[in-house]
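Trainee: No sequence on hand, only this structure:
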């Protein structure tokens, strides 16, 4: 399985070449961080290759073996003179302004392919898509554990006729289709596509294979559950409305959770089994509706306690807000008898992020943060600690470049690794603080809207009013 993409790059062509050939610079293709190299020095491709080689040194598995993490191949150009050849093409056709190149990638599933096979597939993909017109550099990176991916630096001016490469939606599809064909040829997996040809997004595919909930999986589960609990179409639509869905009828049924801007078409996203006719047949095939079975609670044991009791202080502010939200989502255990009702529809979309929300709640509880001022102070202190650690790591790296013994270098590498781990921890906490600043406002709005909806529902119920329902389709005969 491989995912693909390609995008335009403006600026300096040498930066793109360095990024493509350097497996450790994969965060921003327009930024080069090397205090020992200026842009002027990097103009020569010899400096580019030397710079890349310094950063992609190999890992030793034993005294006699070496595993390289980077492979570079030129299509219609030589690796040693790739940048100069691309610039010569641009100058020959007088097209040196605007977009300087296109940067693409092809990412493989972890552990599914070897570096040699990944690079071979990348070269074949580049030759098939651009080999008859354009100059391309193909580089295979292994910058993360078992994360193999190819990078493509594509000169946007054709070396044969001077025409510029124009990326369109069809180019995206052609790139993915050819990548899928090569993956099948090499016996690799391919991301599933629905019958109408709409491919799943990689994040959705990955989350489903890891058992994590997604917006698509939540809707699919709710539709299946509502069908099993219904004997007529009217019951089905009513069950979905109770779950917080707004239904739009047409050739394809569209469901949208209240609070979200866009809905989801059932047949388009889940296949013909979720067309209106298939749903009707599934309902008619049932002999009885599925009932929700509430498991009886185990009897509580009573204990006699003698001595003083201490009542902890009640949580307030951000801590209380987060823990109450987790309670309403159904994540935290309830003090009293649990209800068989599902999580409120306004909160269900955040079930996908429950792990992240729990981490934010633990940070607030651990450091006793109850308001935005305390959060800002804590975030500032963590950012300062992270900055000090980064400066310390930079000092050690500069010192390690000097001519010192191998034993001393190993000791410095160990210290730098330890500092890097601490920096990552601090960076994660800063990120959590930023997410709390954003999410706390959203949580307050959702809880306020939920309280208003609960109040209106109770008021209508006390007056004996019922919400009107819409029957679309025939009843069960």
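Mentor: Structure's in. What do you need? On a predicted model such as this, the values are computed, not experimentally measured, just so you know.
Trainee: contacts, neighbours, all on C-alpha from now
Mentor: Noted.
Trainee: Residue 436: neighbour count?
Mentor: The local packing of residue 436 (other C-alpha atoms under 10 Å) involves 22 other residues.
Trainee: Next up, identify which helix or strand it is on.
Mentor: helix 406-462 (DSSP states H and E).
Trainee: swap in residue 4?
Mentor: Counting by DSSP H and E, the element that carries residue 4 is strand 2-10.
Trainee: Surely residue 383 and residue 430 touch.
Mentor: Yes. In this structure, residue 383 is within contact of residue 430 by C-alpha atoms under 8 Å, at 6.7 Å.
Trainee: related to what we said a few turns ago, for the helix holding residue 436, which helices and strands make contact with it?
Mentor: Under the contact criterion of 3 or more C-alpha pairs under 8 Å, 6 or more residues apart in numbering; DSSP states H and E, helix 406-462 touches helix 317-328, helix 345-348, helix 354-367, helix 372-401.
Trainee: how about a cut-off of 7 Å?
Mentor: When contacts are defined as 3 or more C-alpha pairs under 7 Å, 6 or more residues apart in numbering; DSSP states H and E, helix 406-462 packs onto helix 372-401.
Trainee: tilt between the helix it packs on and helix 317-328?
Mentor: Between the axes of helix 372-401 and helix 317-328, defined by axes from the mean of the first three to the mean of the last three C-alpha atoms, to 10 degrees, the angle is 100 degrees.
Trainee: same question for the strand holding residue 4, mean pLDDT?
Mentor: The average pLDDT for strand 2-10 rounds to 73.
Trainee: With stretch 398-418 instead?
Mentor: Per-residue pLDDT values across stretch 398-418 average out to 78.
Trainee: swap in stretch 426-434?
Mentor: Predicted confidence along stretch 426-434 averages 92 (mean pLDDT).
Trainee: List the buried residues of it.
Mentor: Of all the residues in stretch 426-434, those buried under the rule 16 or more other C-alpha atoms under 10 Å are 426, 427, 429, 430, 432, 433.
Trainee: ok, now stretch 152-171?
Mentor: Using 16+ other C-alpha under 10 Å as the burial criterion, the residues of stretch 152-171 that qualify are 152, 153, 154, 155, 156, 157, 158, 159, 162, 164, 165.
Trainee: is the fourth one in a bridge, and if so with what?
Mentor: Using DSSP bridges, the beta-bridge partners of residue 155 come out as residue 101.
Trainee: How much space separates it from residue 130?
Mentor: Applying C-alpha to C-alpha, to the nearest Å, the value for residue 155 to residue 130 is 10 Å.
Trainee: now the helix holding residue 436 and helix 372-401, what's the angle there?
Mentor: Going by the same axes, to 10 degrees, helix 406-462 makes 160 degrees with helix 372-401.
Trainee: how about the strands of the stretch 151-300 of the chain, start to end?
Mentor: Counting by DSSP state E, counting those that start in this stretch, one finds strands in the stretch 151-300 of the chain at the ranges 245-248, 254-257, 264-265.
Trainee: would JSON lines of these with distance to residue 135 and mean pLDDT be doable?
Mentor: Conversion of these to JSON lines gives the following (distance: least, C-alpha to C-alpha, whole Å; pLDDT from 0 to 100):
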{"stretch": "strand 245-248", "distance to residue 135": "49", "mean pLDDT": "90"}
{"stretch": "strand 254-257", "distance to residue 135": "45", "mean pLDDT": "88"}
{"stretch": "strand 264-265", "distance to residue 135": "41", "mean pLDDT": "89"}
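Trainee: and of the ones you listed, who's closest to residue 324?
Mentor: Counting by C-alpha to C-alpha, residue 324 lies closest to strand 254-257 out of the strands of the stretch 151-300 of the chain; the figure is 21.6 Å.
Trainee: Direction included, what does that closest one pair against?
Mentor: The pairing partners recorded for strand 254-257 under DSSP bridges are strand 245-248 (antiparallel), strand 264-265 (antiparallel).
Trainee: Of these, flag the one that's most buried.
Mentor: Relative to the other members of these, strand 264-265 carries the highest mean neighbour count by mean count of other C-alpha atoms under 10 Å, namely a mean of 19.
Trainee: And the contacts of that strand?
Mentor: 252, 253, 254, 255, 256 (C-alpha atoms under 7 Å, 6 or more residues apart in numbering).
Trainee: right, and the third one touches residue 263 too?
Mentor: What that stands for is residue 254. Yes. With the criterion set as C-alpha atoms under 7 Å, residue 254 and residue 263 qualify as a contacting pair; they are 6.0 Å apart.
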